[in-house]
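A.B. asks: Only the shape, not the letters, is given here:
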Ligand SMILES: O=C(O)[C@@H](O)[C@H](O)[C@H](O)C(=O)CO
């Protein structure tokens, strides 16, 4: 790189006293990334290469004694300072983190509204951060489940680093989160913690006994009464036939069936959560989420109260908890169910959460435009956490569909024909309802429908790992072409991401009240891909 030009950039930045870098001479200096600390200057450069792909470098101008912290590819000495150019790598991220604490994640505890933005590709966070500036919502940028990491062949370090670099680039000093998502074992928790996650989402699915709900009354009673006598006495004395008022006019009542089902279904999970709390959450001061959203049965208010009450008695209060709500929160598509019943039951879950001092978390939270107004309104006072992930992947496919429709048709046919790849990982309607568009019926004239058709969205949303990691003769079949197309059109991707997530945020924050309003406000009235 032209080090003398970069040195001039540094001197120009140091000469600007009001922090307005919008008129810098060198437009390759990405202005939002500029940090000045006394006579030290830090920024990222953006340079388009011959293919139109943006190449990024870190530039640091710092006292020569401390500049050695950085991994430099090029160096220029200037009096008692050194100008270095380096890659956006882990060494340089760690060096920056000793100077700027805000590029490390924070807990959600002090934020009322928090939003998970799982980024399966690692290049969505810059756009998300530009959207979140000033919204009053904390973005949890690093959020990949163990399932996503495994299917996409990524590590938590990859996820963490891409998020942290985006935070530095965008100068996002307001706080962000890193969620070790859907961790199920102490090993997975430890993995998330040791790479620096500020939060873990403990997935209790393996500890929850879902067979209990199918027991008839006598079998249920027999199993409950096989517990230790002191356990039976404790549970009956504490809950049986008791009413618990969790808010004005909102009461949870335990019948014998409610109590026995809650104990037999969830008590192992409660003990598991308490163990993880003691071993990890307290020692590492972690932001703790407990999820039971991926169980096949709805979490009743009694189940939820019992879980929270037992944790509370052990002094455990998560930051968020994710029950499985009434209705369907399936991947990539809107809520399925009676929204009036959803609202009635959400009120009780919200009351339980407020009663015990945590917020509700909404998993598979993307695209649920029909219930965001309810969630935002009922959780407005206390706060909410909504989690999205695969929907950002689908916006990347929207770019592919626009820019290379034949490639998109090929990807869809592959995903459609190999959908069994994910049958052990996800449960969704398109697996069984047989109504997903047939590849033979798709062509360049209707290819964009794949990103709006519910079943096609679910096929594409879940087949990310198979698509990105298919190999033939030792070469990736799709990955390299996918990345080349996407990176050449990063600006279009960023635009789609912002449109899509803004619809989510406006409804959650009550800026608009209905799905139709959100779509009318944000969905492009014309093909914007021609503008990029
Ligand atoms: O696909 C995944 O594993 C994630 O999206 C995971 O389900 C996450 O917790 C989520 O709910 C995001 O919508």
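C.D. replies: Nice, thanks for sending it over. As the structure is a prediction and not an experimental result, all values here were calculated from the model. Numbers count the residues shown, from 1 in each chain.
A.B. asks: tell me the contacts of the residue lying closest to residue 34 once chain neighbours are set aside?
C.D. replies: In space, residue 34 comes closest to residue 43 once its chain neighbours are excluded; the distance is 4.5 Å by C-beta to C-beta, 6 or more residues apart in numbering. (Each C-beta comes from the backbone N, C-alpha and C, glycine too.) The neighbours of residue 43, taking C-beta atoms under 8 Å, 6 or more residues apart in numbering as the test, are 9, 13, 29, 30, 31, 33, 34, 35, 58, 59.
A.B. asks: so can I have TSV of those residues showing neighbour count and distance to the ligand?
C.D. replies: Putting the contacts of residue 43 into TSV (neighbours: other C-beta atoms under 10 Å; distance: C-beta to the nearest ligand atom, whole Å) gives the following:
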residue	neighbour count	distance to the ligand
9	24	40
13	21	39
29	21	35
30	22	29
31	17	32
33	21	28
34	20	33
35	17	32
58	26	30
59	25	35
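A.B. asks: Would you map out the domains in the protein?
C.D. replies: 3-89, 204-385, 392-488, 493-531 (automatic domain parsing).
A.B. asks: what is the rounded mean pLDDT of the first one?
C.D. replies: When pLDDT is averaged along domain 3-89, the result is 97.
A.B. asks: Show the end-to-end separation of that domain, please.
C.D. replies: Criterion C-alpha to C-alpha, to the nearest Å; first-to-last residue distance in domain 3-89 is 20 Å.
A.B. asks: The residue nearest to residue 34 falls within a strand, correct?
C.D. replies: Yes - under DSSP: H, G, I helix; E, B strand; the rest coil, residue 43 sits within a strand.
A.B. asks: and it, how far is that from residue 81?
C.D. replies: If you measure residue 43 against residue 81 using C-beta to C-beta, to the nearest Å, the figure is 15 Å.
A.B. asks: With residue 234 instead?
C.D. replies: Note on residue 234: its distance to residue 81, by C-beta to C-beta, is 68 Å.
A.B. asks: which parts of the chain sit against the ligand?
C.D. replies: Near the ligand, the residues belonging to the chain are 118, 145, 147-148, 181-182, 363-366, 387-390 when assessed by C-beta under 6 Å from any ligand atom.
A.B. asks: Drop anything exposed from those.
C.D. replies: The neighbour-count test (16 or more other C-beta atoms under 10 Å) marks 118, 145, 147-148, 181-182, 363-366, 387-390 as buried among those.
A.B. asks: what residue ranges in the protein score low on pLDDT?
C.D. replies: Screening the chain residue by residue with the criterion pLDDT under 70, one finds no matching range.
A.B. asks: and residue 444, how many neighbours?
C.D. replies: By the measure other C-beta atoms under 10 Å, the count of residues near residue 444 is 11.
A.B. asks: same check, this time on the one 3 residues further on
C.D. replies: When counting by other C-beta under 10 Å, one arrives at 19 neighbours for residue 447.
A.B. asks: That one against residue 405, yeah?
C.D. replies: Yes - A contact is recorded between residue 447 and residue 405 when judged using C-beta atoms under 8 Å, the distance being 4.4 Å.
A.B. asks: Okay, and residue 60 sits in which element?
C.D. replies: Residue 60 is part of strand 54-63 when elements are defined by DSSP states H and E.
A.B. asks: contact partners of that strand?
C.D. replies: For strand 54-63, contacts defined as C-beta under 8 Å, 6+ apart pick out 1, 6-7, 9-10, 29-30, 39-49, 67, 70, 73, 78, 80-88, 92, 96, 169, 487, 490.
A.B. asks: Among those residues, which lie within strands?
C.D. replies: Using DSSP state E to define strands, the subset of the contacts of strand 54-63 located there is 40-48, 78, 81-86.
A.B. asks: Considering those, which possesses the most neighbours?
C.D. replies: For the ones in strands among the contacts of strand 54-63, neighbours were counted by other C-beta under 10 Å; the highest total belongs to residue 43, with 28 neighbours.
A.B. asks: mind checking the SS state of residue 325?
C.D. replies: Look at residue 325: counting by three-state DSSP, its state is coil.
A.B. asks: For it, give its distance to residue 33.
C.D. replies: Residue 325 sits 40 Å away from residue 33, going by C-beta to C-beta.
A.B. asks: Any idea what the residue in the stretch 101-250 of the chain positioned nearest to the ligand is bridged to?
C.D. replies: Taking C-beta to the nearest ligand atom as the measure, the stretch 101-250 of the chain has residue 145 as its residue closest to the ligand, at 3.4 Å. Legend: beta-bridge partners of residue 145 under DSSP bridges are residue 181.
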